[in-house]
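Peer 1: starting from these lines, generate the structure:
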Amino acid sequence: MDTNDYYALLVPVFFLLMGIEAWAAKRQGKRAYVLPDTLSNLSCGMGSVLLGIFTGGFLLALYDGFQRTFGVVRWEEGSPVPWVLAFVGVDFCYYWFHRGSHAVGALWAIHVVHHQSEEMNISVALRQPWTSDISALLFFWPLPLLGVPMEAFFLAVGCLSLYEAMMHTRLIRRTGVWGWVFNTPSYHRLHHGKDPEYVDRNFGSTLIVWDRLFGTFVRETHEPTYGTPRALASWNPLWAQFQPFVELVRRTRRATSWRDAAKMWLKPPGWRAPGEVEVPESPARPPKDVPGWLAAYGVLQFLLLAVIGSALQWLGGGVGLVGAAVIVALVLWGTGTMGALFEGKPWAVRLELLRLGLSSVLTLLATARYEAAWLVPTAACFIVSGAALAVFSSKAAPRIARPPRA
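Peer 2: Got it, this is the predicted structure:
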């Protein structure tokens, strides 16, 4: 459901956990984070939060209206029962939502975004699909029906989301007695593996008892191979969101019958129509290491985009719906071009310079219209960034050229 407000509030907590994880991994002689992958994960999360600006109010009103109109149970004011029911019920419904997202092709095309990373760290928890709140409506409707108030529901969603985020790490190996009832990093880590023995296992969020009860539980026997059977092979968070549907539509167009076309959307993601030829996966992968100047540029741009997104999230009521849409579009544009720069796409520099120029102009116009002098430094950041990118990219052109395909 609509977790965007909770993710926005918990951003500092996530960054603190990421810092602790990176420090602990370094002490163990391990590399916890790959910069292009990390920024792609965080950009997916930021996009989910920003798009929630347009969907969050609708989902809140929908839940509250459904609960008031169709709720079959009315709890006494002050009763703890709906709060307990909220936490247990959200976890139970999430199990079936998660399991269903692995069992239906159309739902998998949404959920697969969360599985695309070939790393395992806390940033992967923020790699969220942008439309999963809509698909979740199919599974969480029993809670308002049972009289769980909106406040209790969304508090449970926020708390359970934070707990689940901490499951995305390779550093914690043991489960102990805690693992008899609750999910652990070991249990959830294997869920992100593409090894046959780990596929479609351990769907639980906070409690692992649902997997034990419904036959989807398995223990970790070896370090998983992370990612999806068909790799995304891209650092672009925009392509990450759309590629699964592009592939599904292409398969649908090649189908020889309407029945097979429908099955591609409704059957499990591994289903293939009779005679369907699967397009072979390209072995090429974008480089994990990028030039130092590009790494610095990417981090600084992401931080600038995050500040703009946060300002819109908290203070953006005055810009109107169209203004908010323009700002969100520019922020997502920036995350996409950063991924393309990391991949060495030949058009990425030109597109990024265009974004920076357009952002500078719009920021200066907003400064004059709203008499907001505090926007001037933002415009200056865009201008300086464009100049720096033009200089460094021209000097390092051979190093950021498109990598050869195998």
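
Peer 1: walk me through the domains of this structure.
Peer 2: When the chain is parsed with automatic domain parsing, its domains come out as 4-214, 293-400.

Peer 1: so which of those gets nearest residue 267?
Peer 2: Proximity to residue 267 (Cβ to Cβ) singles out domain 4-214 among the domains of the chain, at 5.8 Å. (Glycine included, C-beta is placed from N, CA and C.)

Peer 1: what average pLDDT does the closest one get?
Peer 2: The average pLDDT for domain 4-214 rounds to 93.

Peer 1: mind checking how far it is from the chain centre?
Peer 2: The chain centroid and the centroid of domain 4-214 are separated by 10 Å under Cα atoms, centre = their mean, to the nearest Å.

Peer 1: buried ones in the helix or strand where residue 64 lies?
Peer 2: Under the criterion of DSSP states H and E, residue 64 resides in helix 35-70. Buried residues in helix 35-70, defined by neighbour count with 16 or more other Cβ atoms under 10 Å: 35-53, 55-56, 59-60, 62-63, 66-67.

Peer 1: same thing with stretch 341-349?
Peer 2: Across stretch 341-349, burial judged by 16+ other Cβ under 10 Å covers 341, 342, 343, 344, 345, 348, 349.

Peer 1: what about the residue lying closest to residue 39 once chain neighbours are set aside, distance to residue 320?
Peer 2: Distances taken as Cβ to Cβ, 6 or more residues apart in numbering place residue 302 nearest to residue 39, at 5.4 Å, with adjacent residues excluded. Residue 302 sits 26 Å away from residue 320, going by Cβ to Cβ, to the nearest Å.

Peer 1: neighbour count: the two, which is higher?
Peer 2: Between residue 302 and residue 320, residue 302 has the larger neighbour count (other Cβ atoms under 10 Å), namely 19 against 10.

Peer 1: which element is that one on?
Peer 2: Per DSSP H and E, the secondary structure element for residue 302 is helix 292-315.

Peer 1: the helix or strand just after that helix - contacts with which helices or strands?
Peer 2: Downstream of helix 292-315, the first helix or strand assigned by DSSP H and E is helix 320-343. Helix 320-343 is packed against helix 35-70, helix 237-254, helix 292-315, helix 348-370, with contacts defined by 3 or more Cβ pairs under 8 Å, 6 or more residues apart in numbering; DSSP states H and E.

Peer 1: alpha carbons only: can I get helix 320-343 in CSV?
Peer 2: Presented in CSV, the C-alpha positions along helix 320-343 are these (Å, rounded to 0.1, in the frame of the first residue of the first chain):
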residue,chain,number,x,y,z
GLY,A,320,0.5,23.1,-8.0
LEU,A,321,-0.1,19.8,-9.7
VAL,A,322,1.5,20.8,-13.0
GLY,A,323,4.6,22.3,-11.2
ALA,A,324,5.0,19.1,-9.1
ALA,A,325,4.7,17.0,-12.3
VAL,A,326,7.5,19.1,-14.0
ILE,A,327,9.8,18.8,-11.0
VAL,A,328,9.2,15.1,-10.6
ALA,A,329,9.8,14.6,-14.4
LEU,A,330,13.1,16.5,-14.2
VAL,A,331,14.3,14.5,-11.1
LEU,A,332,13.5,11.2,-12.8
TRP,A,333,15.1,12.4,-16.0
GLY,A,334,18.3,13.1,-14.0
THR,A,335,18.3,9.6,-12.4
GLY,A,336,17.9,8.1,-15.9
THR,A,337,20.7,10.0,-17.5
MET,A,338,23.0,9.2,-14.6
GLY,A,339,22.4,5.5,-15.2
ALA,A,340,23.1,6.1,-18.9
LEU,A,341,26.3,7.9,-18.1
PHE,A,342,27.5,5.0,-15.9
GLU,A,343,26.8,2.7,-18.8
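
Peer 1: now the angle from it to helix 35-70?
Peer 2: Counting by axes from the mean of the first three to the mean of the last three Cα atoms, to 10 degrees, helix 320-343 lies at 150 degrees to helix 35-70.

Peer 1: okay, buried residues for helix 320-343 please.
Peer 2: Residues of helix 320-343 classed as buried under the neighbour-count rule (16+ other Cβ under 10 Å) are 323-324, 326-328, 330-343.

Peer 1: buried sites along stretch 192-202?
Peer 2: For stretch 192-202, the neighbour count (16+ other Cβ under 10 Å) marks 192, 193, 194, 198, 201, 202 as buried.

Peer 1: check stretch 74-94 too.
Peer 2: For stretch 74-94, the neighbour count (16+ other Cβ under 10 Å) marks 75, 82, 83, 85, 86, 87, 89, 90, 91, 92, 93, 94 as buried.

Peer 1: burial check on the nearest residue in space to residue 228 that is not next to it in sequence, number of neighbours?
Peer 2: Distance criterion Cβ to Cβ, 6+ apart; nearest residue to residue 228, sequence neighbours excluded, is residue 115 at 5.2 Å. Other residues near residue 115 number 21, with proximity taken as other Cβ under 10 Å.

Peer 1: do residue 182 as well
Peer 2: Neighbour count for residue 182, taken as other Cβ under 10 Å: 17.

Peer 1: next one: the one 4 residues further on
Peer 2: Applying the criterion other Cβ under 10 Å, we find 19 residues in the vicinity of residue 186.

Peer 1: which element, helix or strand, includes it?
Peer 2: helix 185-191.

Peer 1: next secondary structure after that helix?
Peer 2: helix 209-214.

Peer 1: what is that following helix packed up against?
Peer 2: Secondary-structure packing of helix 209-214 (3+ Cβ pairs under 8 Å, 6+ apart): helix 81-103.
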